[in-house]
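Novice: Kindly generate the corresponding structure for this input.
(3 chains)
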Amino acid sequence: MSATSTTILNLPDQTTAAIPKKNYISSEHGLLSWLLTGDHKRIAMLYLISITFFFFIGGAFAGLIRLELLTPQPDLVASDTYNKFFTMHGIIMVFLFLVPSVPATLGNFLIPIMLGARDLAFPKINLLSWYLYLAGGTLTLAALVLGGVDTGWTFTTPLSTHYLNTHVVTTASAIFVAGFSSIFTGLNFIVTIHRMRCPGMTWFRMPLFVWSHYAASILMVLGTPVLAISLTLVGLERLVGIGVFDPTKGGDPLLFQHLFWFYSHPAVYIMILPGMGVISEVVSTFSRKRVFGYTAVAFSSVAIALFGFFVWEHHMFIMGVSNYSALVFSLLSMLVAVPSAIKIFNWSFTLQKGSITFETPMLYAFGFMGLFTIGGLTGIFLAALGMDIQLTETYFIVAHFHFVMVGGMLMAFLSGVHFWWPKMTGRMYPESLSKLAAVVTFIGFILTFMPQFIVGYLGMPRRYHAYPPEYQVLNVLSTAGATVLGVGYMLPILYLAWSLKYGAIAGNNPWQATGLEWQIQSPPLTENFTEIPVMDHEAYDYEWLEHKTQNEVTTVG
Amino acid sequence: MDNSIVTTEPLMPRETAVHEEHEHVFIPQHRHHFETEEQQREAGSFGMWLFLLTEIMFFGGLFFAYLLYRNWYYDAFVPASNFLSVTLGGTNTAILITSGFFMALAVWAAEVRKKQFLVIALILTTLFGLAFISIKYVEWHDEWVHRHVPGASFDISEFVSPKAHGITDQKPISPDMAEHCQIFFFLYFAMTGMHALHMIIGIGLLVWLILRAQRGDFSAGYVAPIENFGLYWHFVDIVWLFLFPLLYLINRHPLK
Amino acid sequence: MGISEVLWQFLVKWLTNSALFPREASTIAPYMDALYFFLIGVTVVGLVLVLLLIGGFSFRYRKAVHPVAEQIEGSTLLEAIWTIIPLGIFLVTFVWGALLYFRIYTPPVNSMNIYIVGKQWMWKAEHPGGQHEINELHVPIGQPIQLTMISQDVFHSYSLPEFRVKREVIPGRYTTVWFQATTPGTYHLFCTQYCGTDHSKMVGEITAMLPEDYKKWTELSTSGMSLAQNGERIFASMGCNACHTGNASNRAPSLAGLYGSKVQMANGSIQLADAAYIRDVILNPSQHVPAGYAPIMPTYKGQISEDGLIALVEYLKQLNTNYRIQQTQTTSVSDQAAPTTPGMVKP
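Specialist: Numbering: from 1, shown residues only, chains lettered A, B, ... in the order given. So this is what the prediction gives:
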């Protein structure tokens, strides 16, 4: 069935192929049919457009930061402006890009189909989620246009409550609203996974993509409300001024830290778990093998979610917390690293005795595995109490979280977008360009963030507008890398947009994958399935696929 | 030509879902992404329980702050909480429990399809809810008049020299401790305010449900909104049952 | 060190000279660097392992040479191996890191104490002898230095990368860190907790000097009173001596010898009278009522600055007798209000 011996890409005959006339995109016309849709697939595409928009705004701020840091002097913009740059970069990237990226786009699109359902449990709430996201995004843009906010994305008190007169309450409200978008998405996923699996779809027949979204949804549902209350208290303190975080009035600024990080640490697992789900799917498909240790990978997702709630104080080790509490949280942080290690090894061993090809999604997946390994292990540096003293609040931290978030999560997102693009749009993108973009991104990433580990240990603090001249060489390298990285991110926008009109017709299953989503047309019908399937085989069952494709003639058109 | 996978041999029967024999007619509120109403109802109920779980986490932050500061500033929290009226708070508790009782009756009425009873029960729930909010308003106004509202108008003199204000059953506390009474009142207003906000939203939803119940929407077998709203209302009730003892009752001197 | 001393020095020197590595300027620095190298080793090994697995399997099982995949469910043995071995390494790291942490945050008893007050956007250092520095700190080498720090406004963080120490400087209570400098020279001081507009300008210089040079420096920089002398002045001018007369009156306890002792509280608990205690009693006296006394001490919140509080702490640290306090009774205005109790010394 395969065209050549170095790829599994299997496109239908392009002379006769065409996009199926009846699909979720063509089923209804007009702007309102999109803005008032209940179809999870349309909502996913709406999200895709919005988060891409915010990604580029956040990315522009990153560019400005790196531009300023080319020179040790604070010569590009004023200090207050620079402080606004990194604040907006953090807020937009964390809350408006990373948190919704995979769940709200790929998760929304795929989870019902992967489970054999016609939609999520609560389509109207799904649409509400998107509008809440837009409202949060609009409020953020409003704060930006009105002059910006410079608290840092962490809103540390008492700085944010008493010592700044920028648009803190507007931004806090924006994140509050966006947080509810996240809560409702998670709620929708949990109910769907519990209640709407098709006949025969047991928990352990679900794709690992669904497992990781389940774990992330638990975090979303339980953790985000605590962020909401933290931001509410900051807002109230600014507006009423009672001093719940003000030490001169008997309040405790450290209380805010505890409340904030109680959400924001699980938040990082909310961000990474869905990406890990993507990697499971991609590695399996491009090795033609069931994921090694399926049960271990499924349970490790849930373990990460569970342990993730008990490690928040590791962001506060040097803040004067009790030494003994620091011991407990350091130990727990070591434990939370283990499930991630398990996953990396399981994915690696999925390759063993497989039949491996190197299409673009697989390249991104490999990038993920390497970079996430580095990022995750540097987390161990930080979880070690004594080491954290030297490394915390320096560029080492910046490098660490960019490795896991950008080298990890963003690569996983791109891997997923490239993997499921043919399913979502019916079109293929040009493979050589996409491979180039993947490689450029990878190189740019390493050049940008590897020097930051070094400059961090040397002592360069984070959020610094100016720095001692001896750090300049490393900063210049980092900025050079950022330029390359920017190019790497621009390319997909261009060729993916191009592919919508000119790309090859993809057909149902161009990657010859096993999931339920690949057994239906591309793009799918609005109701996903003409008849609800019965799941009678395990996930990643390539023998079932082999047997099935032998018995069918695929017609498209 | 439609886009289906045409097989060269007939589909094995087990490869299609065994579709329910249509013994029952789908209710008009059936949503088509659910296979059965049972699935729809269970999903709705599960969703509401999950939502209430997020509400617990939300209130949890405030409870945690309260516990922390009560521990640190015990000597300020006790006199501050003694200024609250147990009579009013207790009455409100009784009112809320009663409204919860009527809500439970409403759920039963919907299940046995007694429309008039359902509407009456919902109206009574709403009335008692409004009574709760009114008494809460009275309490808040009282705090405002006594200058217990945190912020610029907060006055510590009642705590520092209670006798001068005609209060005989409180010991005076020093001014720096009295400053911390403001934190108590902030948490009081934040927690009861959040609670009241949830009640007001609930009352709004009740009005909508009454209108729909009057139209007959819930007396023909479709009870999910009433049941799920019942869960929400009982949750708001339970939050109050935690707030009342923590804010009003513990370390109480003889009842005012 | 576990490895050869020569090799270690070579490694450190090479990395330092290639600007990849900060100088080791304190006694704890080699320990910190040892942990760092260990962790880098673990990371490199882990990364190489993962890369070998990915690269090796990709090459050996690429489609061109291995067209048919063999389905493998998993291996409990492998799962156990790659759970237990990483966990073991992480636990070793945990123990090592914890030991280092406790070491850095437990000052030795013979440390010389210097106070640091951080405010937007500068660092004030106050030596007990009364030397004041802004954005600088002079210390002798070979002597443990304890920094007792507090902020006047927002969170800051006192970071000395070449000494490998850092601690948050928070408003409302003291935090401490210690180090012992090994080599004379000038070193970086950074504020590392984002604190507003001029966060990146809140930097300075630590100058480590030979002990005899430090002594010279203190003599040259002493501009007036020592901290304790300043504290004595504040003690009198704020009227503390009106109640804390040192006599057996029951208005206020004697403060001679208070510092460092254990105080029995009215609510039954026992508190240690350290710097944090002294500061908090002055600001929140109703929370620290000693046994046998009424809660009548007024608060001085807003009336004494952090510098003033530090001076008072230093004063009480060396207060062994009430003699000078009772002397000031006759000269200070508050003497008129103080009750005369039998036995009070009147010169």
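Novice: Pull the contacting residues for residue 278.
Specialist: Reading this off chain A. Residues counted as contacts of A:V278 (C-beta atoms under 8 Å, 6 or more residues apart in numbering or on different chains) are A:102, A:106, A:209, A:365, A:412-413, A:415-416, A:419. (C-beta placed from N, C-alpha, C; glycine too.)
Novice: actually it's chain C I care about, not the one you picked
Specialist: If you count contacts by C-beta under 8 Å, 6+ apart, then C:I278 has C:258-259, C:309, C:312-313, C:316 around it.
Novice: quick one on the thing from earlier: can I have the buried ones of the contacts of A:V278 as a PyMOL selection?
Specialist: Here is the PyMOL selection string for the buried members of these, based on 16 or more other C-beta atoms under 10 Å in any protein chain shown:
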select buried, chain A and resi 102+106+209+365+412+413+415+416+419
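Novice: What is the nearest of the contacts of A:V278 to A:M45?
Specialist: A:L106 (11.0 Å; C-beta to C-beta).
Novice: distance of A:P422 from A:E431?
Specialist: Here the criterion is C-beta to C-beta, to the nearest Å. By it, A:P422 lies 11 Å from A:E431.
Novice: the more surrounded of these two?
Specialist: Neighbour tally, A:P422 and A:E431, criterion other C-beta atoms under 10 Å in any protein chain shown: the higher count belongs to A:P422, 26 against 15.
Novice: Surely that one is in a helix?
Specialist: Yes - read with DSSP: H, G, I helix; E, B strand; the rest coil, A:P422 is one of the residues of a helix.
Novice: residue contacts, the nearest residue to C:S221 once chain neighbours are set aside?
Specialist: Nearest residue to C:S221, sequence neighbours excluded (C-beta to C-beta, 6 or more residues apart in numbering or on different chains): C:Q131, at 4.3 Å. Contacts for C:Q131 (C-beta under 8 Å, 6+ apart) come out as C:138, C:217-218, C:221-223.
Novice: Over to B:D155?
Specialist: B:D155 makes contacts with B:146-148, as judged by C-beta under 8 Å, 6+ apart.
Novice: returning to that earlier point: same list (the contacts of A:V278) but as TSV, adding secondary structure.
Specialist: Output for these, formatted as TSV (three-state DSSP):
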residue	secondary structure
A:V102	helix
A:L106	helix
A:F209	helix
A:A365	helix
A:A412	helix
A:F413	helix
A:S415	helix
A:G416	helix
A:F419	helix
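Novice: Looking at the contacts of A:V278, which is nearest chain C?
Specialist: Of all the contacts of A:V278, chain C sits closest to A:A365, with 9.5 Å by C-beta to the nearest C-beta.
Novice: gap between the closest one and A:S340?
Specialist: The spacing between A:A365 and A:S340, counted by C-beta to C-beta, is 15 Å.
Novice: So C:Y187 belongs to a strand, correct?
Specialist: Yes - judged by three-state DSSP, C:Y187 forms part of a strand.
Novice: Check whether B:Q170 really touches B:N82, as I assumed.
Specialist: Yes - here B:Q170 lies in contact with B:N82, judged by C-beta atoms under 8 Å, at a distance of 6.1 Å.
Novice: pLDDT below threshold where in chain A?
Specialist: A:1-4, A:552-557 (pLDDT under 70).
Novice: the strands in it, which residues?
Specialist: Ranges of strands within chain A are A:552-553, based on DSSP state E.
Novice: Any residues of the stretch 51-200 of chain B in contact with chain A? List them.
Specialist: The stretch 51-200 of chain B has residues B:51, B:53-55, B:57-62, B:64-65, B:68-69, B:72-73, B:150-152, B:179-180, B:182-183, B:186-187, B:190 near chain A, with proximity defined as C-beta under 8 Å from any C-beta of the partner chain.
Novice: Please flag which of these sit within helices.
Specialist: Counting by DSSP state H, the part of these found in helices is B:51, B:53-55, B:57-62, B:64-65, B:68-69, B:72, B:179, B:182-183, B:186-187, B:190.
Novice: Just the buried ones among these, please.
Specialist: The neighbour count (16+ other C-beta under 10 Å) marks B:51, B:53-55, B:57-62, B:64-65, B:69, B:72, B:179, B:182-183, B:186-187, B:190 as buried among these.
Novice: The stretch 201-347 of chain C: strands as residue ranges?
Specialist: Using DSSP state E, counting those that start in this stretch, the strands of the stretch 201-347 of chain C run over residues C:204-209, C:262-264, C:270-272.
Novice: For stretch B:87-97, C-alpha coordinates in CSV please.
Specialist: In CSV, the C-alpha atoms belonging to stretch B:87-97 read as follows (Å, rounded to 0.1, in the frame of the first residue of the first chain):
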residue,chain,number,x,y,z
THR,B,87,-29.9,35.8,65.7
LEU,B,88,-29.9,37.1,62.2
GLY,B,89,-27.3,34.6,61.0
GLY,B,90,-29.3,31.8,62.6
THR,B,91,-32.5,32.9,61.1
ASN,B,92,-30.8,33.0,57.7
THR,B,93,-29.6,29.5,58.3
ALA,B,94,-33.1,28.3,59.0
ILE,B,95,-34.4,30.2,56.0
LEU,B,96,-31.8,28.6,53.7
ILE,B,97,-32.4,25.1,55.0
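Novice: distance of C:L11 from C:E5?
Specialist: Computed as C-beta to C-beta, the C:L11 to C:E5 distance reads 11 Å.
Novice: more crowded one of the two?
Specialist: C:L11 (15 against 8).
Novice: Contact partners for the more buried one?
Specialist: C:L11 makes contact with C:F37, according to C-beta under 8 Å, 6+ apart.
Novice: Might you list the low-confidence residue ranges for the stretch 51-200 of chain C?
Specialist: For the stretch 51-200 of chain C, no stretch is flagged by pLDDT under 70.
Novice: Find the closest residue to chain B in it.
Specialist: Closest point on the stretch 51-200 of chain C to chain B, by C-beta to the nearest C-beta, is C:G172, at 11.9 Å.
Novice: what's near enough to touch that residue?
Specialist: Counting by C-beta under 8 Å, 6+ apart, C:G172 has contacts A:247-248, A:252-253, C:150.
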